[in-house]
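S.K.: Kindly return the folded structure for what I paste below:
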Amino acid sequence: MKNFLVKTIANAGALAVAVWLLDKITLTGDSTGKKAGTLIIVALLFGLVNFLVKPVVKLLSLPLLILTLGLFTLVVNALMLLLTSWLAGKLDLSFHVEGFWTAVLGGLIISVVSWALHVILPDGD
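M.R.: This is a model prediction of the structure:
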């Protein structure tokens with residue numbers, strides 16, 4: 001349970017950095033508390049998408065991953081971020097990613113920040 005909490009906090013922090021750095025990734029809300037709550041829910045949704053959908057997409061795109069020496073992973077990460085944005089819209093959450101190239105850059109930022117936070121934050125093992 002502790003490991004799940006650490007990963008969710010790391011995802012929320014990484015999403016917050018992407019929202020802060022990129023103008024076309026938006027998180028709106030009336031107050032800071034509402035924005036933080038939305039960010040945690042979006043982080044849970046992003047984790048769920050990465051857990052359920054990403055392995056299937058990576059398996060189906062394996063030839064492209066091999067052909068591009070893994071660079072196609074940036075596209076897969078962007079698609080997962082766009083899927084999270086779409087699901088957030090369907091769940092009436094105020095999180096939106098505007099455009100594919102913004103999603104590519106956002107996915108790159110989220111990957112780097114999430115990796116750094118996983119190095120810093122303690123493991124649940």
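
S.K.: Which residues in the host helix or strand of A16 does the neighbour count mark as buried?
M.R.: According to DSSP states H and E, A16 maps onto helix 2-21. For helix 2-21, a neighbour-count test (16 or more other Cβ atoms under 10 Å) marks 6-7, 10-19 as buried. To be clear about C-beta, it is placed using only N, CA and C from the backbone, and glycine gets the same treatment.

S.K.: for stretch 55-70, same thing?
M.R.: By neighbour count on 16+ other Cβ under 10 Å, the buried set for stretch 55-70 is 57, 61, 65.

S.K.: what about the first one, helix or strand, and which?
M.R.: Secondary-structure element containing V57, defined by DSSP H and E: helix 54-60.

S.K.: What is that helix packed up against?
M.R.: helix 72-90 (3 or more Cβ pairs under 8 Å, 6 or more residues apart in numbering; DSSP states H and E).

S.K.: quick one on the thing from earlier: which elements pack onto the next helix or strand after the helix holding V57?
M.R.: Note on helix 54-60: by DSSP H and E, the next helix or strand toward the C-terminus is helix 62-67. Contacts defined by 3+ Cβ pairs under 8 Å, 6+ apart place helix 62-67 against helix 72-90.
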